[in-house]
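> Based on what follows, work out the 3D shape:
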Amino acid sequence: MILVDLRNHGRSAEIEGLLPPHNLENAAKDLADLVKSEGLEWPDVVIGHSMGGKVALQFAQSCANGHYGDDVTLPKQLWVLDSVPGKVIQDNTDGEVEKVLQTLQSLPSTIPSRKWLVDHMLKLGFSKSLSEWIGSNLKKSGEQETWAFNLDGAVQMFNSYREMDYWPLLDHTPKGMEIDIVRAEKSDRWTRMLYSSLNASQLKELTKMRERSQFMSFPMPGTGFMWIILKDFLILLLQKLPIDEVLQTFSFCTFMYSFPLCFFKLLARVRRFGLKLLEMRLDFDMYSPLNRYEACCLMSKRRTREPKEENVTLGPATRDGELVFGVAHIFASFNDTFIHVTDLSGRETMVRITGGMKVKADRDESSPYAAMLAAQDVAQRCKELGINALHIKLRATGGNKTKTPGPGAQSALRALARTGMKIGRIEDVTPIPTDSTRRKGGRRGRRL
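Modelled structure (predicted):
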């Protein structure tokens, strides 16, 4: 099984001599040139994901048209994972890839530093994980940084991916070739019209296909490609099938895989599995029964799984510039300062922090400094929950006691505003009695 990066993807970006134009036709030709240069047999199975899915279709079409020579053997199976065979209509997608490419093109060719790039992308509204991944695609050029890949080539590849149409290939599939389309569960590219264009034999939906949990990556030394292992596929292959049947059925299988932005964080997490394979110095020659047997033994062993960190997005889904309000109940007495944030109904507590939680000395619990620290923690938690604006309800002890807020009230309010929280209404809700029980202090008052 040979797994390669497309041109302008992954480690293939470091290879020189990949001449323009950068489009799907030349990407498919790169695969054919790889087979010829290495003296390999033509693949029986070709699997491509996303942009690689269309490259797989182009490879099959070029093989059928004889573009690679007369000795070419057509693939028996062609799998297209989460890629529409026709033109990609921009109105049917969220436009995230287009927005990222336009932003990268607007940046200077030399970047001051990785931190500057990440901060700049965050200011433009991109997620932290995406911004950090973009920052990881820089390389040193003197005292500054430049892109580690050909940006113009990547844009050309994406434009070619959107414009190419392979419906004629599906309508007139070459004899002896089976083409299967697999749709990811949450893909935004598939419309009702596309479903009607595919018959039941061509569309195989895997409703529980989870892209973020199936791919593993490690670099193989001495080669210009990033070799990817599809974990679940190999485990199923090596554990469920007899080794003799594996040798006969899967003599050669080529994966063309283009990297969506969200996969790189996952690939870094599962690098540990690839390092185990490197320690065993396995040469993944699929013609070697010994190597297959060693790989089978390795993956059949029970391994303890480390707990996965999931990036959970809390709060409602909002548009840019939309305000999500909460209510900050600030109770400032002369003994402590309470900051309690709820939803607009007041029934759901979002965060509750007091000045006493931020200082050690009892006498400092009601201080403006303690209130400021508490307000900063409250604002940080509110932003994590998607709350970016607050209505303020300020109160003192009230009743038959003092109606004046404690020293932490104003400090807490200023700290909330300084952290970037938008302030809505500010309301004094100190309880004022129309009548009350006898005030503390006696008839002649408190002695000073």
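
> I'd say T110 and W147 touch.
No: with contact defined as Cβ atoms under 8 Å, T110 does not reach W147; the gap is 9.4 Å. The C-beta positions use only the backbone N, C-alpha and C, and glycine is treated the same way.

> and the two? which has more neighbours close in?
Higher neighbour count among T110 and W147: W147, with 19 against 13, using other Cβ atoms under 10 Å.

> ok, the more buried one - contacts?
Applying Cβ atoms under 8 Å, 6 or more residues apart in numbering, one finds that W147 lies in contact with 104, 109, 111, 137-139.

> Return a selection command, for use in ChimeraX, containing the buried ones of those residues.
Of the contacts of W147, the buried ones can be selected in ChimeraX as follows, counting by 16 or more other Cβ atoms under 10 Å:
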select :104,111,137,138
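
> Return the subset of the contacts of W147 lying in strands.
111, 138-139 (DSSP state E).

> what's the closest of the residues you listed to R414?
Set against R414, the nearest of these by Cβ to Cβ is I111 (36.5 Å).

> now the helices for the stretch 51-200 of the chain?
51-64, 96-106, 114-123, 128-135, 151-163, 167-171, 192-197 (DSSP state H, counting those that start in this stretch).

> want to throw those helices into JSON lines with mean pLDDT?
Formatted as JSON lines, these follow (pLDDT from 0 to 100):
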{"stretch": "helix 51-64", "mean pLDDT": "83"}
{"stretch": "helix 96-106", "mean pLDDT": "80"}
{"stretch": "helix 114-123", "mean pLDDT": "85"}
{"stretch": "helix 128-135", "mean pLDDT": "82"}
{"stretch": "helix 151-163", "mean pLDDT": "79"}
{"stretch": "helix 167-171", "mean pLDDT": "77"}
{"stretch": "helix 192-197", "mean pLDDT": "59"}
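
> between these, which one is nearest to T354?
Among the helices of the stretch 51-200 of the chain, helix 128-135 sits nearest to T354 (Cβ to Cβ), with 29.5 Å.

> What helices and strands are in contact with that closest one?
Counting contacts by 3 or more Cβ pairs under 8 Å, 6 or more residues apart in numbering; DSSP states H and E, helix 128-135 is packed against helix 96-106, helix 114-123, helix 263-269.

> nearest to R425, of these?
When these are compared by Cβ to Cβ, helix 114-123 sits nearest R425, at 29.0 Å.

> what comes up buried for the closest one?
So, applying 16+ other Cβ under 10 Å, buried residues of helix 114-123: 117-118, 120-121.

> one step back: and the helices and strands packed on helix 128-135: which comes nearest P433?
Taking Cβ to Cβ, helix 114-123 is the member of the helices and strands packed on helix 128-135 nearest to P433, at 49.9 Å.

> and the helix or strand harbouring R381, what does it pack onto?
Using DSSP states H and E, R381 maps to helix 368-384. Counting contacts by 3+ Cβ pairs under 8 Å, 6+ apart, helix 368-384 is packed against strand 325-332, strand 337-342, strand 349-354, helix 408-418.

> buried ones in that helix?
In helix 368-384, counting by 16+ other Cβ under 10 Å, buried: 368, 370-379, 381-382.

> which of the ones in strands among the contacts of W147 lies closest to M421?
Closest approach between the ones in strands among the contacts of W147 and M421, by Cβ to Cβ: I111, at 31.5 Å.

> how many neighbours does the closest residue in space to the closest one that isn't next to it in sequence have?
In space, not counting the residues next to it along the chain, I111 is nearest to E145; the distance is 4.4 Å by Cβ to Cβ, 6 or more residues apart in numbering. Residues near E145, counting by other Cβ under 10 Å, number 19.

> Identify the bridge partners of E145.
Under the criterion DSSP bridges, E145 forms beta bridges with I111, K140.

> Pass me the low-pLDDT residue ranges in the stretch 1-150 of the chain, would you?
1-5, 8-17, 89-95 (pLDDT under 70).

> nearest to L31, of the helices and strands packed on helix 128-135?
helix 263-269 (20.3 Å).

> give the contact list for A371.
332, 337, 339, 355, 407-409, 411-412, 415.

> Please repeat the previous calculation with a cut-off of 7 Å.
Residues near A371 by Cβ atoms under 7 Å, 6 or more residues apart in numbering: 337, 355, 408, 411-412.

> hang on, the earlier thing: just the CA atoms of the helix holding R381, as PDB, please.
Extracted C-alpha coordinates of helix 368-384, given in PDB (Å, rounded to 0.1, in the frame of the first residue of the first chain):
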ATOM      1  CA  PRO A 368     -11.000  46.500  44.600                       C
ATOM      2  CA  TYR A 369      -8.000  44.400  43.700                       C
ATOM      3  CA  ALA A 370      -9.800  41.100  44.600                       C
ATOM      4  CA  ALA A 371     -12.900  42.300  42.700                       C
ATOM      5  CA  MET A 372     -10.800  43.100  39.600                       C
ATOM      6  CA  LEU A 373      -9.200  39.600  39.600                       C
ATOM      7  CA  ALA A 374     -12.600  37.900  40.000                       C
ATOM      8  CA  ALA A 375     -14.000  40.000  37.200                       C
ATOM      9  CA  GLN A 376     -11.200  39.000  34.800                       C
ATOM     10  CA  ASP A 377     -11.800  35.300  35.500                       C
ATOM     11  CA  VAL A 378     -15.500  35.800  35.000                       C
ATOM     12  CA  ALA A 379     -14.900  37.500  31.600                       C
ATOM     13  CA  GLN A 380     -12.600  34.800  30.400                       C
ATOM     14  CA  ARG A 381     -15.200  32.100  31.200                       C
ATOM     15  CA  CYS A 382     -17.900  34.000  29.600                       C
ATOM     16  CA  LYS A 383     -15.900  34.200  26.400                       C
ATOM     17  CA  GLU A 384     -15.400  30.500  26.400                       C
END
